[in-house]
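# Predicted model and sequence below, questions to follow.
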Amino acid sequence: MIIQSPSPQWSDYELIDSGFGDKLERFGKYILWRPEPKALWESSMPQSEWERLAHTRFIAGAGFGKSGKEDTGNWKMLKKMPDQWYIDYHMGGLKFKLRLGLTSFKHVGVFPEQSPNWNFIYRQCCRLKENVENPKVLNLFAYTGAASLAARCGGVDTTHLDSVRQVVTWAKGNMESSGMDGIRWVVEDALKFVEREAKRGHLYNGLILDPPAYGHGPDGQKWKLDELLYGLLKQCAKILAPKDAFMVLNLYSNGYSALLADSAVRSAFGMLDIEPVDYPVSLSDKGAVLGCGELVLTDRFGKSMPLSVFSRLVR
């Protein structure tokens, strides 16, 4: 199992400090103070310094975080800043722009700890482009599209799927701001879409899954991770190409470990006999490799927060 975090070369993001259930982050020029339940320790800087540095602070509503759900809240402006702004991501040949915004659920349109997954996706798509004619990648639960942009930057045919039309529109804006085109946009329930693709015999060379703990499809379909994840993975196994392919599963739900994600993928894809590796970048004699780990953010003072787990498959 491996642990990965954003590269210090990414100049538009930094976790400055964390503690007392909060985190202080810089996105481009602006510093945000947001709740973070996993910051169980003391902050390294006094609150007065957080107040001096921060441009805005998210004040949670009374029910925020209870019963595993997020309630709305409000942003308290401490310094002048826009409601929306852009940051750049540039790592080697991978380059795109993301529009950020202050939402009522504390999110800003990007999860920076995901950047190692973006790098993985980009490298795999570059590999596919060299070995496969017209490779195709499907990004499920795709949110505002950073992973889709990473795939498209790698030169592959990319389908971006999310059940919320507003975030698909947000993702399309990110594509256009990045000077890209050609992404296919789908507003659909992920499980329903994958089941239909499996029945049609359609195959993809890359699958990206970042499912939430709870959610709803555009027609009110209920999504509950504990109940539906394994079934989705079984369907995904039917549409992933048997060779020259990759899959990455990311999980945020509290209580889910990297080994759990790894076991679910191994079972669903019929790969229980494949030995795990620290990092799935080269193919084994069996033609496939699997690896799992955690994505973390580390502040200036060395305190690391594990925020998600992943399982990656390459064949």
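Done, it's in.
# can you pull the buried residues of the strand or helix carrying residue 312?
Applying DSSP states H and E as the criterion places residue 312 in strand 304-314. Judged by neighbour count (16 or more other C-beta atoms under 10 Å), strand 304-314 contains these buried residues: 305, 306, 307, 308, 309, 310, 311, 312, 313, 314. All C-beta atoms are positioned from the backbone trio N, CA, C, and that covers glycine.
# Can you tell me how far the first one is from residue 37?
Put plainly, it is residue 305. Distance from residue 305 to residue 37, counting by C-beta to C-beta, to the nearest Å: 10 Å.
# pretty sure residue 153 is in contact with residue 93, am I right?
Yes - contact status for residue 153 versus residue 93: in contact at 7.3 Å, counting by C-beta atoms under 8 Å.
# Looking at these two, which one has more neighbours?
Higher neighbour count among residue 153 and residue 93: residue 153, with 21 against 11, using other C-beta atoms under 10 Å.
# Identify the contacts common to residue 153 and residue 93.
Contact criterion C-beta atoms under 8 Å, 6 or more residues apart in numbering; residues shared by residue 153 and residue 93: residue 122.
# All the strands of the stretch 1-150 of the chain, in order from the start?
Listed in chain order, the strands found in the stretch 1-150 of the chain under DSSP state E, counting those that start in this stretch are 2-4, 13-19, 22-27, 30-35, 56-60, 73-77, 84-91, 94-101, 136-140.
# Nearest to residue 256 among these would be which one?
Closest of these to residue 256 is strand 2-4, at 15.7 Å (criterion: C-beta to C-beta).
# what's that closest one packed up against?
Here strand 2-4 touches strand 289-298, going by 3 or more C-beta pairs under 8 Å, 6 or more residues apart in numbering; DSSP states H and E.
# Which neighbouring elements make contact with the strand it packs on?
Counting contacts by 3+ C-beta pairs under 8 Å, 6+ apart, strand 289-298 is packed against strand 2-4, strand 13-19, helix 258-268, strand 304-314.
# angle of that strand against strand 304-314?
Using axes from the mean of the first three to the mean of the last three C-alpha atoms, to 10 degrees, the inter-axis angle of strand 289-298 relative to strand 304-314 is 160 degrees.
# Need the CA coordinates for strand 289-298. PDB is fine.
Provided in PDB are the C-alpha atoms of strand 289-298 (Å, rounded to 0.1, in the frame of the first residue of the first chain):
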ATOM      1  CA  VAL A 289      -1.200  -5.300 -12.000                       C
ATOM      2  CA  LEU A 290      -3.100  -3.900  -9.000                       C
ATOM      3  CA  GLY A 291      -2.100  -1.400  -6.400                       C
ATOM      4  CA  CYS A 292      -3.900   0.500  -3.600                       C
ATOM      5  CA  GLY A 293      -3.200   3.300  -1.100                       C
ATOM      6  CA  GLU A 294      -4.300   6.500   0.500                       C
ATOM      7  CA  LEU A 295      -4.300  10.100  -0.700                       C
ATOM      8  CA  VAL A 296      -3.300  12.600   1.900                       C
ATOM      9  CA  LEU A 297      -2.700  16.300   2.500                       C
ATOM     10  CA  THR A 298       0.200  17.400   4.600                       C
END
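# Let's test this: mean pLDDT of it, rounded?
Mean pLDDT, strand 289-298: 95.
# ok and that strand relative to strand 13-19, angle-wise?
70 degrees.
# where are the low-confidence patches of the stretch 1-150 of the chain?
For the stretch 1-150 of the chain, applying pLDDT under 70 flags the ranges 62-71.
# report the longest helix in this structure, please.
In the chain, taking DSSP state H as the definition, the longest helix is helix 115-131.
# In the buried residues of strand 304-314, find the pair that's most separated.
Across those (C-beta to C-beta), the longest gap, 27.3 Å, separates 305 and 314.
# Bridging across strands, which residues link to residue 4?
Here residue 4 sits in beta bridges with residue 295, going by DSSP bridges.
# got the contact list for the most centrally placed residue in the chain?
Geometric centre of the chain, nearest residue: residue 114, 4.8 Å, by C-alpha atoms, centre = their mean. For residue 114, the contact set (C-beta under 8 Å, 6+ apart) comprises 146, 147, 210, 250, 295, 308.
# do the same with residue 83
By C-beta under 8 Å, 6+ apart, the contact list for residue 83 reads 101, 102.
# cool, residue 242 as well?
Contacts of residue 242 (C-beta under 8 Å, 6+ apart): residue 315.
# And for the one 5 residues further on?
Contacts for residue 247 (C-beta under 8 Å, 6+ apart) come out as 206, 207, 208, 209, 236, 240, 265, 269, 312, 313.
# can you confirm it is in a strand?
Yes - applying DSSP: H, G, I helix; E, B strand; the rest coil, one finds residue 247 inside a strand.
# going forward, begin numbering at 34 instead of 1
I'll keep to 34 as the first residue from here, and by that count the last item is residue 280.
# And the pLDDT for it?
On the pLDDT scale, residue 280 gets 97.
# tell me which residues form a beta bridge with it?
Beta-bridge pairing for residue 280 (DSSP bridges): residue 240, residue 346.
# Many thanks, I have nothing further to ask.
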